[in-house]
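Visitor: Turn this into a structure:
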Amino acid sequence: MGDAWETRRRRAPGFEWAIFSLGYRGRVKEILVDTAHHKGNFPESVSIQAFDMPGADEATIAAQALYWPDLLPAQKMGADREHAFKKELAHKGAVTHVRVNLIPDGGISRLRLFGTLV
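Guide: Numbers count the residues shown, from 1 in each chain. All right, here's what the predicted structure looks like:
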């Protein structure tokens, strides 16, 4: 997939994840996870963790990311469609970084977070 994030199938326990720094510090009001064009290789579920760490360096972020609170608890995914989440959001505070977990693995075409600046 040239325009997406697609992982290979794991043979060992665990799941794939990635950390993203948001463009601005803010409160997330809605999340869109798009599995477009992933008909056979979409994740079974996706969860998103978030934290507010303005100015933190990469080493600090990576070391603490596993323990961040859930922004979006694990949600089931489907093939080739957009999944919108609003009422499912668990974390209501300001965030600067998110960690996206693909459980157990698979691919997503797009991740969009909508919110307000703080």
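Visitor: ranges for the helices of this structure?
Guide: For the chain, the helices defined by DSSP state H occupy 58-64.
Visitor: and the most centrally placed residue in it, bridged to which residues?
Guide: With distances taken as CA atoms, centre = their mean, the chain has Val100 as the residue nearest its mean C-alpha position (2.6 Å). Legend: beta-bridge partners of Val100 under DSSP bridges are Ala18, Ile48.
Visitor: wait, what's in contact with it?
Guide: Trp17, Ala18, Ile19, Phe20, Val46, Ser47, Ile48, Ile108, Leu111 (CB atoms under 8 Å, 6 or more residues apart in numbering). From N, CA and C alone the C-beta is placed, and that goes for glycine too.
Visitor: these two touch, right, the third one and Ala59?
Guide: The one in question is Ile19. No - counting by CB atoms under 8 Å, Ile19 stays clear of Ala59, with 11.8 Å between them.
Visitor: ok, these two, which is more surrounded?
Guide: Taking other CB atoms under 10 Å, Ile19 and Ala59 do not tie; Ile19 has more neighbours (15 against 8).
Visitor: For this structure, give me the ranges with low pLDDT.
Guide: 1-3, 5, 8-11 (pLDDT under 70).
Visitor: quick one, strands of it?
Guide: Counting by DSSP state E, the segments of the chain that form strands are 5-6, 16-34, 45-51, 70-76, 82-85, 94-103, 107-108, 110-117.
Visitor: other SSEs contacting the fourth one?
Guide: Meaning strand 70-76. Applying 3 or more CB pairs under 8 Å, 6 or more residues apart in numbering; DSSP states H and E, one finds that strand 70-76 contacts strand 16-34, strand 45-51, strand 82-85, strand 94-103.
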